[in-house]
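Asks: Predicted coordinates and the sequence they were generated for:
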Amino acid sequence: MSTMLPEETKRRLLILDDDLAVGQTIGFVAEELGFEVKSFTLPEPFFRAVDAWQPTHIAIDLVMPEMDGVEAMRVLAERNCAAKIIITSGVGSRVLDSARRTAAALGLRDVCVMPKPFSMTELRQLLSTEPVPRAIPPTKEDRASSAFEVTSVGLLDALEQRQFLLAYQPKVDCVTGALAGFEALARWVPSPPTVVMPDRFVPVAESSGLIDALTEQLFEQGLRWLSESFPSSSISLSLNISAKGLADVHLGERLSELCHVLTIDPARVTFELTESSAMDDPVKSLALLTRLRMKGFQLSIDDFGTGFSSMVQLVRLPFSEIKVDKSFVMTAMGSHEALTVVKSIIDLGKGLGLRVVAEGVEDAKTLDLIASLGCDFAQGYFIARPMSGEAATAWAANHGI
Ligand code: C2E
Ligand code: CA
Ligand code: CA
């Protein structure tokens with residue numbers, strides 16, 4: 001009986017290494033394991049083969065004269081590459097580790113590193129594991145968004161037609177799993193089923209002076225949803241605030257008034273602002289943020305770990321919550337460096353008496369890990385994806401609220 005795999009399931013390894021001998025060595029070992037192998041020393045034919053040959057595995061050198069490995073990974077991510085990727089290099093474990101984190105942040109899910117010089121056993125082991133199916137395939141939203149053109153005129157029209165909607169993602173207690181609240185995330189629905197994601201339209205709204213109008217519309221929508229869906233509970237709502245929105249000195253008063261009309265205790269409302277935006281102009285931020293806190297709202301510092309703030313500024317600004325950036329949370333299980341960052345941010349937050357939230361929790365092991373490190377709340381695809389207002393209310397009902 002033949003031990004060959006049927007043609008369609010045969011594993012195909014594609015190699016990009018400017019050192020021909022290294023490529024050949026990897027190729028020999030892979031062929032012994034039953035792989036079909038193609039090896040290239042230059043990026044151009046390599047990328048042609050990615051498209052035409054659809055490899056199941058890719059081995060790529062991080063440092064090459066023609067193109068660096070990080071750029072190569074960006075191109076692979078853009079092409080939605082589903083192959084298992086093995087990054088090889090002699091640059092040292094910290095650089096390799098940050099390359100792996102970059103790959104994860106780019107959306108490449110199945111990436112491992114192999115420091116050079118590597119042993120044959122190590123290589124065989126890496127090649128013997130099957131590529132994991134994309135745990136979280138791109139959604140219809142992700143695909144639709146990238147084709148839609150975003151202009152300031154289009155945004156103005158969309159504001160008038162009220163085409164911006166909020167999606168709500170649950171935030172749960174790390175230990176008990178109890179629902180604590182939701183984060184509201186903006187979506188632009190120009191014509192169903194097209195959904196444009198915020199990373200595409202928020203920067204355009206900011207640069208064209210439309211961000212305040214957008215913020216206002218979304219905040220009102222979110223607060224109305226909260227008061228209608230959870231009139232008498234402590235379920236909280238987190239709203240994202242843009243750096244540019246910090247210029248609006250009357251925002252606090254208007255929001256306070258709206259909460260009063262909707263009978264929402266401001267303590268149930270958290271404004272999330274990114275680490276870098278809070279630090280752009282700390283004096284102005286301090287005035288506005290202090291005013292919001294004095295009105296009883298909560299403040300969260302978002303994407304913590306990605307900006308370059310000094311600890312002093314963090315302590316001076318009146319935050320009540322710190323959110324560990326998802327790029328560290330998503331890689332904490334497999335990276336010593338990411339784990340150290342997650343641990344340090346949790347300790348820092350706890351030391352300052354802040355609530356700590358980890359975002360980007362994509363599996364049970366990561367949830368256990370952050371809970372064991374003392375993190376208070378978790379948010380991420382493992383718990384639930386962002387969903388419509390109705391779906392979020394139903395989700396809460398299924399979780400005992
Ligand atoms: P963010 O505030 O850091 O929001 C978290 C992002 O991570 C959301 O992306 C969410 O869908 C995604 N996410 C949640 N869980 C996971 C997970 O387990 N894995 C991964 N890979 N991703 C996860 P989204 O909705 O595309 O929003 C992107 C960014 O756009 C937000 O990042 C925020 O900075 C901005 N944004 C969203 N809504 C608003 C808004 O109303 N106003 C402003 N100014 N910015 C907004
Ligand atoms: Ca946020
Ligand atoms: Ca974030």
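Replies: The structure has been received and is ready for your questions. Ligands and ions are numbered 1, 2, ... in the order given.
Asks: Quick check, pLDDT for the residue of the stretch 1-150 of the chain found nearest ligand 3.
Replies: Across the stretch 1-150 of the chain, no residue is closer to ligand 3 than residue 105, which sits at 12.2 Å (Cβ to the ion). In this view, the C-beta of every residue, glycine as well, is placed from N, C-alpha and C. At residue 105, the pLDDT value in this model is 77.
Asks: Then residue 309?
Replies: 63.
Asks: which residue is nearest the centroid of the chain?
Replies: residue 326 (5.0 Å; Cα atoms, centre = their mean).
Asks: ok, residues contacting the helix or strand containing residue 113?
Replies: According to DSSP states H and E, residue 113 maps onto strand 111-115. Residues outside strand 111-115 that contact it (Cβ atoms under 8 Å, 6 or more residues apart in numbering) are 59, 73, 84-90, 92-93, 96-97, 99-100, 103-104, 122-123, 126.
Asks: Show me which of those residues are buried.
Replies: 59, 73, 84-89, 96-97, 99-100, 103-104, 123, 126 (16 or more other Cβ atoms under 10 Å).
Asks: Tell me which of the residues you listed fall in strands.
Replies: The strands, defined by DSSP state E, take in 59, 84, 85, 86, 87, 88, 89 from the buried ones among the contacts of strand 111-115.
Asks: What separation do you get for residue 91 and ligand 1?
Replies: 26 Å (Cβ to the nearest ligand atom, to the nearest Å).
Asks: show me where the stretch 51-200 of the chain has strands.
Replies: In the stretch 51-200 of the chain, the strands defined using DSSP state E, counting those that start in this stretch lie at 57-61, 84-89, 111-115, 164-173, 179-191, 194-196.
Asks: what does the stretch 301-401 of the chain have sitting close to ligand 1?
Replies: 302, 303, 326, 359, 360, 361, 362, 379, 380, 381, 386 (Cβ under 6 Å from any ligand atom).
Asks: I meant the chain, not that one.
Replies: 169, 185-186, 197-199, 202, 218, 240, 242, 272, 302-303, 326, 359-362, 379-381, 386.
Asks: before we move on, the earlier item: how about the residue of the stretch 1-150 of the chain closest to ligand 3, nearest residue that isn't a chain neighbour?
Replies: residue 327 (4.7 Å; Cβ to Cβ, 6 or more residues apart in numbering).
Asks: what's the burial count for the one you found?
Replies: Neighbour count for residue 327, taken as other Cβ atoms under 10 Å: 19.
Asks: Quick check: it touching residue 106?
Replies: No. Distance between residue 327 and residue 106: 10.1 Å, which falls outside the contact criterion (Cβ atoms under 8 Å).
Asks: coming back round to it: which one of the strands of the stretch 51-200 of the chain lies closest to residue 26?
Replies: Residue 26 lies closest, by Cβ to Cβ, to one member of the strands of the stretch 51-200 of the chain: strand 57-61, at 5.3 Å.
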